[in-house]
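> Sequence plus the predicted model coming up.
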Amino acid sequence: MSTFVLRFNKNCDMDYLPKDPAILVSSVNMLLRDEEFDTLESLCYNFGTETKDIKDYLYGHGFVYSEKQRQFRPIGYDTVTK
């Protein structure tokens, strides 16, 4: 499991990414939705972590990243809602 680094962040009010999966999903989706960051990659860079680490961590907790929606969604959500 990845460790998310505590880091000063002048782009938003958060100093670090939460470790709890539900809070992490909510926080990342909020930062992307509110356009604090253009991409998941820029968000990860700002917080000093790798995109793959967050994707793998959240996949292990039932979430997958949708490039089209720019958000983490529950695995299988898109196939169920069609």
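It's in. Numbering: from 1, shown residues only.

> make it CA atoms for all contacts and neighbour counts henceforth
Noted.

> which residues of this structure fall in strands?
Taking DSSP state E as the test, the strands found in the chain are 63-66, 71-74.

> Which other helices and strands does the last one contact?
Counting by 3 or more C-alpha pairs under 8 Å, 6 or more residues apart in numbering; DSSP states H and E, the packing neighbours recorded for strand 71-74 are helix 21-33, strand 63-66.

> Which one of those lies nearest to Asp15?
Closest to Asp15 of the helices and strands packed on strand 71-74 is helix 21-33 (C-alpha to C-alpha; 11.7 Å).

> contacts for that closest one?
The contact list for helix 21-33 (C-alpha atoms under 8 Å, 6 or more residues apart in numbering) reads 17-18, 37-40, 58, 61, 70-72.

> make it 10 Å
Contact partners of helix 21-33, identified using C-alpha atoms under 10 Å, 6 or more residues apart in numbering, comprise 11-12, 14, 17-19, 34-40, 42-44, 54, 57-65, 69-74.

> rewinding a little: just the helices and strands packed on strand 71-74: most buried one?
Mean neighbours per residue, mean count of other C-alpha atoms under 10 Å, is largest over the helices and strands packed on strand 71-74 for strand 63-66, with a mean of 18.

> avg pLDDT for that one?
The predicted model gives strand 63-66 an average pLDDT of 97.

> now swap in stretch 71-79 and tell me
Mean predicted confidence for stretch 71-79 is 88.

> mind putting the strands of the chain in JSON lines, distance to Gly48 included?
Shown next, in JSON lines, are the strands of the chain (distance: least, C-alpha to C-alpha, whole Å):
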{"stretch": "strand 63-66", "distance to Gly48": "19"}
{"stretch": "strand 71-74", "distance to Gly48": "19"}
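
> Alright, I will stop here.
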